[in-house]
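# Quick check, what structure comes out for this input:
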Amino acid sequence: MRSVSAIPFLVAAVTAQSTAGPYGQCGGTGYTGPSACGSGYGCTTYNPYYAQCYPGAATATPSTTSTAAAVTPTTTKPSTTLQTSTTKPITTITTITTTTTTTTTTTAAAAATSTAPTGTSPSTPTTLVSGWYWIRAVASPNFHKYLQTSPLLTPSTALLNDHTTAGQFNVIDGQLVYYRGASASPLYLTVENPTDKTQRKLWTKFSATKNVYGTFAFQGDTLTWSVSDITRPNVAAWLVCAGQEVFVNTGAYAYDTPAGCADQTIHYYGGSTADL
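Alright, predicted model coming up:
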């Protein structure tokens, strides 16, 4: 990795002018918006690049002054996780504050967008990792909304939402697996096992434990789910309802659609970025 040194006057002061809304971004590298959350919400950091207002968490206001250096990686797959090991590339950064004449030299590992992040903390790569796929809807009203969770990368409800927070997935041994980084444990999409097998929608959520009800598969590029005790007219039928939550549609596609829901099929996509 190319060494960076003698970068003068590299100080940016960022002052929060207001509070971020519920589940809104409140911090992260390069972020310049509000750093405080509204009443009942705390700013929770999920990785160095993203913090979000989440209910019940203790409010943690990011520092209003940050220092950053532009570093150009020379490796094909640099890590997004800051490393302290001497085996990793080390960058020396010289900064000069605007209030004193003292020059301080610090050492830090370079931070860069990665196609294959490492570390035990979950992270969302912005470039597709080999062996994984984006999953998205391809019809109105959720055209090119992408599968993910909120908060990101946590065991929580499955959603179709913006491409900027898209997750990466694959079907492995009948499980729909949510990638959270090379060294972080994956999540699995789990499906409700209802007492009433005639109900039209089954909730789904991502969990740290594997799904035990039904089997996921790709038919072509289409995500399907099937189970032995429910006869589904269309195993590729899904519903997206209030809050962008994803449900299994046990009935016919586009017939007797539950109020507040939209019929969808969802498909894998192998483009390098989820920006289409």
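
# switch to C-alpha atoms for all contacts and neighbour counts from now on
OK.

# so residue 212 touches residue 190, yeah?
Yes: Residue 212 is within contact range of residue 190, at 7.3 Å (criterion: CA atoms under 8 Å).

# Which one's more surrounded, those two?
Shown here are residue 212 and residue 190; by other CA atoms under 10 Å, residue 190 has more neighbours (25 against 13).

# burial count for the residue nearest to residue 38 when sequence neighbours are not counted?
Closest residue to residue 38 apart from its sequence neighbours, by CA to CA, 6 or more residues apart in numbering: residue 19 at 5.9 Å. Using other CA under 10 Å, residue 19 has 17 neighbouring residues.

# OK, contacts around residue 19?
Each residue near residue 19 by CA atoms under 8 Å, 6 or more residues apart in numbering is listed here: 34, 35, 36, 37, 38.

# and if you look at residue 50?
With contacts defined as CA under 8 Å, 6+ apart, residue 50 is in contact with 25, 26, 27, 28, 29.

# Surely the last one is in contact with residue 48?
Think residue 29. Yes: with contacts counted by CA under 8 Å, residue 29 reaches residue 48, the gap being 6.2 Å.

# Quickly list what's touching both of those two.
Contact criterion CA under 8 Å, 6+ apart; no residue bridges residue 29 and residue 48 by contacting each.

# Tell me how many other residues surround the closest residue to residue 225 other than its chain neighbours.
Of all residues not flanking residue 225 in the chain, residue 216 sits nearest, at 4.5 Å (CA to CA, 6+ apart). Here the count is done by other CA under 10 Å, and residue 216 has 24 residues near it.

# if we can go back for a sec, pull out the buried members of the contacts of residue 50.
Buried by 16 or more other CA atoms under 10 Å: 25, 26, 27, 28, out of those.

# Which residues does the third one form beta bridges with?
Using DSSP bridges, the bridge partners assigned to residue 27 are residue 51.

# Can we start the residue count at 313 from this point?
Shifting the count to begin at 313 puts that one at residue 339.

# What ranges in the protein fall below the confidence cut-off?
313-329, 358, 361, 368-433, 436 (pLDDT under 70).

# try 80 this time
For the chain, the stretches with pLDDT under 80 are 313-330, 332, 334-336, 342-343, 357-433, 435-437, 588.

# re the thing from before, from the buried ones among the contacts of residue 362, pick the one nearest residue 491.
residue 340 (20.8 Å; CA to CA).

# Put together TSV for the buried ones among the contacts of residue 362, with distance to residue 488 on each row.
Converted to TSV, those look like this (distance: CA to CA, whole Å):
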residue	distance to residue 488
337	27
338	30
339	30
340	29
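
# So of the residues you listed, which two are at opposite extremes in space?
Greatest spacing in these, by CA to CA: 337 and 340 (8.2 Å).

# Now do the shared contacts for those two.
362, 363.

# hang on, the earlier thing: so what's the backbone phi/psi at the residue nearest to residue 350?
Main-chain dihedrals, residue 331, degrees, to the nearest 10: phi -100, psi 150.

# if I look at it, how far off is residue 345?
Going from residue 331 to residue 345 by CA to CA, to the nearest Å gives 9 Å.

# Residue 555 too?
From residue 555 to residue 345 the distance is 24 Å (CA to CA).

# Which one's more surrounded, these two?
residue 345 (18 against 12).

# in what helix or strand does the more buried one lie?
Assigned by DSSP states H and E, residue 345 belongs to no helix or strand.

# What of residue 572?
Under the criterion DSSP H and E, no helix or strand holds residue 572.

# count of residues packed around it?
Residue 572: 10 surrounding residues under other CA under 10 Å.

# Leaving out sequence neighbours, find the closest residue to it.
Distances taken as CA to CA, 6+ apart put residue 553 closest to residue 572, at 5.7 Å, once the chain neighbours are dropped.
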